[in-house]
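Chemist: Sequence and predicted structure are below.
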Amino acid sequence: MSDEPLVLGLETSCDETGVGIVRGGTLLADAVASSVDQHARFGGVVPEVASRAHLEAMVPTLRRACADAGVSLSDVDAIAVTSGPGLSGALMVGVAAAKALALALGKPLYGVNHLAAHVAVDILEHGPLPEPAIAMLVSGGHSSLLYVPDVSYDVQPIGRTIDDAAGEAFDKVARLLGLGFPGGPLIDKAAREGDRAAIRFPRGLSAAHDMRDHRFDFSFSGLKTAVARWVEQREAEGTSVPVNDVSASFQEAVVDVLTRKAVLACQENGVEHLLIGGGVAANSRLRAMAQERCEKQGITLRVPRPGLCTDNGAMVAALGARMVQTGRTPSDLTLPADSSMPVTLVQA
Amino acid sequence: MTDELTLALDTASAMVSVAVHDGTGVVAERSGERSGKHAEQLAPLIEEVLTEAGATRADLTGIVTGVGPGPFTGLRVGLVTATVLGYALDLPVRGVCSLDAVALGAVQHGATTPFIAATDARRREVYWARYEVTKIDGVLVPVREGLPDVSAPAELELDGLPAAGRGADLYPDIFGTPLEGPLDPSAGALASLAHLDLAQPDPAQPNPRFLLDPEPLYLRRPDAQANITRKRVLK
């Protein structure tokens, strides 16, 4: 047990400053400082506000993670950091902090892909990853289907959103319903009191020709507009908007397409394991429907607990630990932050 | 010879600057070869400057960082590097205004009367501060009058004062020929100023002349409009 690597992971790609510490596949600390409250009045994450918050939170969050894990920094065997994709200025705070740690401790540095880290985090919750697996990553910035033979170096994209990310659609619909920001948890809550069959909203990229040209891609922009039209029509007629029903029906449309395509991706690639990660994976309806549809098709579903689905440093540490264990070469101290890092590049 | 060894760094301009100071003087100084790319260049430069000084991280006794003002993204790279190094190595981290470094350069190149130091704030503005030249411990140094500010060059009340730094160089119509000296902040100059304060006989230093908290001098609010109104889709 103790010969497994002690890895510290840093995550600053969006509005969460995350510092995680793992020993091999065991989670020791997951300290997260979020600036989400500072973004609420802007209706979305403001990059400069997020970057300022990362700088302020970095040392306190490092301190908290070490205290939670009961380790001293000098015990750490390697540093891992999200080097992309994400907000450029935000990523740079984490990358610079990680290099300072690597320099100060004289330990190797691993610049890792944010999306691969969202997949790797389930090692901490449910043990070694099945290989290969299909992974679906759904968050405010990403909506991707990935074929993952080995999360430490081989991640292949098979589909992605062609417009808005799923979490972005939740934010936009929450705004038009006057629910607030971030939209995901608020819609989830309202939907519990609503009828998900009340309104039949469109399922993006699900028509026959789309299933030919965009088989594993997603689109949520049209859905968002359909919801806006429906709501505005009610308002124009002077009738009240059934917020709970709209939330439930919108959520149903998103979750229906996500789970249908994810299950199809497993079937057509002969893969028996589906992993779901990213902030939208915290959605209760997504978890329930994915469970139901996977069971029906004999697919094993793995979804980490909600706290590990949203951005955190533990996921970065988990992926870093895999890289140490599989003998990957560390990144150079010239490691750049890469806001558009392709998902195929697991390590920079 | 003292046991002191300070690592100083500045990322408040387009150029990254790193230096090592041993308590009596700057023993090594390096600057990045490329403009920008602070996050890529800073850590390797720190390694290089330590090697050049014949030192390792274990020999360091303190960190000094420029706190700006300067373009935010680069500025944060320096500050987070300094504060995390300080945390990991258990060393004190001290800030110095980056304009003070430009001002010291001007004084070392002959400025003896009041002047302005100005750096590029982009958006056709400059970060600036006004300096007087005084003697501390037998050395001529620039002492800043108040906190720095950000302004359009034309709106500055120069009162005929000469100006130093990149900001002056960018707007010669307003500032005239810049004073001699480096245009961008030098980490060596930051370390020298920090040491003037640290060498004061009173360890409590009730009135530090150059030392500041290691926190960024942004001088501008984030660009963001509260945007919680809906765009309508029906005409």
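Modeler: Happy to help now that I have it.
Chemist: And the strands in chain A, which stretches?
Modeler: Using DSSP state E, the strands of chain A run over A:6-11, A:16-23, A:26-34, A:78-84, A:109-113, A:133-138, A:143-150, A:154-160, A:273-277, A:300-302.
Chemist: Would you mind giving the ones you listed as a markdown table with mean pLDDT added?
Modeler: Output for the strands of chain A, formatted as a markdown table (pLDDT from 0 to 100):
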| stretch | mean pLDDT |
| --- | --- |
| strand A:6-11 | 98 |
| strand A:16-23 | 98 |
| strand A:26-34 | 97 |
| strand A:78-84 | 98 |
| strand A:109-113 | 98 |
| strand A:133-138 | 97 |
| strand A:143-150 | 97 |
| strand A:154-160 | 97 |
| strand A:273-277 | 97 |
| strand A:300-302 | 98 |
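Chemist: how about the helices of chain B, start to end?
Modeler: Per DSSP state H, chain B carries helices over the ranges B:38-52, B:72-89, B:98-108, B:166-170, B:172-175, B:187-198.
Chemist: For residue A:216, give its distance to residue A:135.
Modeler: 12 Å (CB to CB, to the nearest Å). C-beta: built from backbone N, CA, C; applies to glycine.
Chemist: I should have written residue A:142 there, sorry.
Modeler: Computed as CB to CB, the residue A:142 to residue A:135 distance reads 11 Å.
Chemist: out of those two, which sits in the busier spot?
Modeler: More crowded of residue A:142 and residue A:135, by other CB atoms under 10 Å in any protein chain shown: residue A:135, with 31 against 23.
Chemist: ok, residues contacting the lengthiest strand in chain B?
Modeler: In chain B, taking DSSP E as the definition, the longest strand is strand B:139-151. Strand B:139-151 is contacted by residues B:69, B:97, B:99-100, B:103-104, B:106-107, B:111-112, B:115, B:117, B:121, B:125-135, B:193, B:196, B:209, B:217, B:219-220 when judged by CB atoms under 8 Å, 6 or more residues apart in numbering or on different chains.
Chemist: Chain A contacts on chain B?
Modeler: B:37-44, B:46-47, B:57, B:72-73, B:76-77, B:79-85, B:87-89, B:216, B:218, B:222-228, B:230, B:232-234 (CB under 8 Å from any CB of the partner chain).
Chemist: how much space is there between the residue most central in space within chain B and residue B:123?
Modeler: Central residue of chain B (CA atoms, centre = their mean): residue B:98, 1.7 Å from the mean position. Separation of residue B:98 from residue B:123 (CB to CB) stands at 18 Å.
Chemist: cool, and residue A:53?
Modeler: Distance of residue A:53 to residue B:123, computed by CB to CB: 23 Å.
Chemist: Just want to know which of the two has more residues nearby.
Modeler: Between residue A:53 and residue B:123, counted using other CB under 10 Å, the more crowded position is residue A:53 (24 against 8).
Chemist: close enough to count as contact, the more buried one and residue A:14?
Modeler: No: look at residue A:53 against residue A:14 with CB atoms under 8 Å: they stay out of range, at 10.8 Å.
Chemist: coming back round to it: I'd like the helices of chain B as TSV, with distance to residue A:318 appended.
Modeler: Listed next are the helices of chain B as TSV, based on distance: least, CB to CB, whole Å:
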stretch	distance to residue A:318
helix B:38-52	24
helix B:72-89	21
helix B:98-108	39
helix B:166-170	44
helix B:172-175	54
helix B:187-198	37
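Chemist: looking at the ones you listed, which is buried most?
Modeler: Among those, helix B:98-108 has the highest mean neighbour count (mean count of other CB atoms under 10 Å in any protein chain shown), at a mean of 28.
Chemist: just how off-centre is that helix within its chain?
Modeler: Distance of helix B:98-108 from the chain centroid (CA atoms, centre = their mean, to the nearest Å) equals 9 Å.
Chemist: Can you tell me the closest non-neighbouring residue to residue B:169?
Modeler: Spatial nearest neighbour of residue B:169, excluding adjacent residues (CB to CB, 6 or more residues apart in numbering or on different chains): residue B:178 at 4.9 Å.
Chemist: mind checking how far that neighbour is from residue A:196?
Modeler: 68 Å.
Chemist: Could you check which of the two is surrounded by more residues?
Modeler: Using other CB under 10 Å, the more surrounded residue of residue B:178 and residue A:196 is residue B:178, with 23 against 19.
Chemist: Pretty sure that one sits against residue B:168.
Modeler: Yes: between residue B:178 and residue B:168 there is a contact under CB under 8 Å: 3.9 Å.
Chemist: I'd like the strands of chain A as a markdown table, with distance to chain B appended.
Modeler: Listed next are the strands of chain A as a markdown table, based on distance: least, CB to the nearest CB, whole Å:
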| stretch | distance to chain B |
| --- | --- |
| strand A:6-11 | 10 |
| strand A:16-23 | 11 |
| strand A:26-34 | 14 |
| strand A:78-84 | 10 |
| strand A:109-113 | 9 |
| strand A:133-138 | 24 |
| strand A:143-150 | 22 |
| strand A:154-160 | 24 |
| strand A:273-277 | 26 |
| strand A:300-302 | 34 |
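Chemist: Now tabulate those strands in a markdown table and tack on distance to residue B:142.
Modeler: A markdown table is the format used below for those (distance: least, CB to CB, whole Å):
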| stretch | distance to residue B:142 |
| --- | --- |
| strand A:6-11 | 38 |
| strand A:16-23 | 36 |
| strand A:26-34 | 38 |
| strand A:78-84 | 38 |
| strand A:109-113 | 38 |
| strand A:133-138 | 53 |
| strand A:143-150 | 54 |
| strand A:154-160 | 54 |
| strand A:273-277 | 54 |
| strand A:300-302 | 62 |
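Chemist: ok, the residue nearest to residue A:236 when sequence neighbours are not counted - contacts?
Modeler: Sequence neighbours aside, residue B:234 is the residue nearest to residue A:236 in space, at 7.0 Å (criterion: CB to CB, 6+ apart). For residue B:234, the contact set (CB under 8 Å, 6+ apart) comprises A:228, A:229, A:232, A:233, A:236.
Chemist: Reformat those as JSON lines; add neighbour count and distance to residue A:114.
Modeler: Listed next are these as JSON lines, based on neighbours: other CB atoms under 10 Å in any protein chain shown; distance: CB to CB, whole Å:
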{"residue": "A:228", "neighbour count": "20", "distance to residue A:114": "30"}
{"residue": "A:229", "neighbour count": "13", "distance to residue A:114": "34"}
{"residue": "A:232", "neighbour count": "16", "distance to residue A:114": "36"}
{"residue": "A:233", "neighbour count": "12", "distance to residue A:114": "39"}
{"residue": "A:236", "neighbour count": "9", "distance to residue A:114": "42"}
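Chemist: Just flag the most distant two among the residues you listed.
Modeler: A:228 and A:236 (12.1 Å; CB to CB).
Chemist: what's the pLDDT at the residue nearest to residue B:52 when sequence neighbours are not counted?
Modeler: In space, residue B:52 comes closest to residue B:28 once its chain neighbours are excluded; the distance is 4.0 Å by CB to CB, 6+ apart. The per-residue pLDDT reported for residue B:28 equals 98.
Chemist: how deep is residue B:28 tucked in, by neighbour count?
Modeler: 19.
Chemist: re earlier: for the contacts of residue B:234, which one is nearest residue A:162?
Modeler: Distances from residue A:162 to the contacts of residue B:234, taken by CB to CB, are shortest for residue A:228, at 19.0 Å.
Chemist: contacting residues for that closest one?
Modeler: For residue A:228, the contacting residues are A:176, B:230, B:232, B:233, B:234, by CB under 8 Å, 6+ apart.
Chemist: Among the residues you listed, the buried ones, what's the PyMOL command?
Modeler: Buried residues among these (16 or more other CB atoms under 10 Å in any protein chain shown), as a PyMOL selection:
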select buried, chain A and resi 176
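Chemist: Throw the contacts of residue A:228 into JSON lines and include pLDDT and distance to residue A:158, thanks.
Modeler: Formatted as JSON lines, the contacts of residue A:228 follow (pLDDT from 0 to 100; distance: CB to CB, whole Å):
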{"residue": "A:176", "pLDDT": "93", "distance to residue A:158": "32"}
{"residue": "B:230", "pLDDT": "67", "distance to residue A:158": "35"}
{"residue": "B:232", "pLDDT": "76", "distance to residue A:158": "36"}
{"residue": "B:233", "pLDDT": "76", "distance to residue A:158": "32"}
{"residue": "B:234", "pLDDT": "76", "distance to residue A:158": "37"}
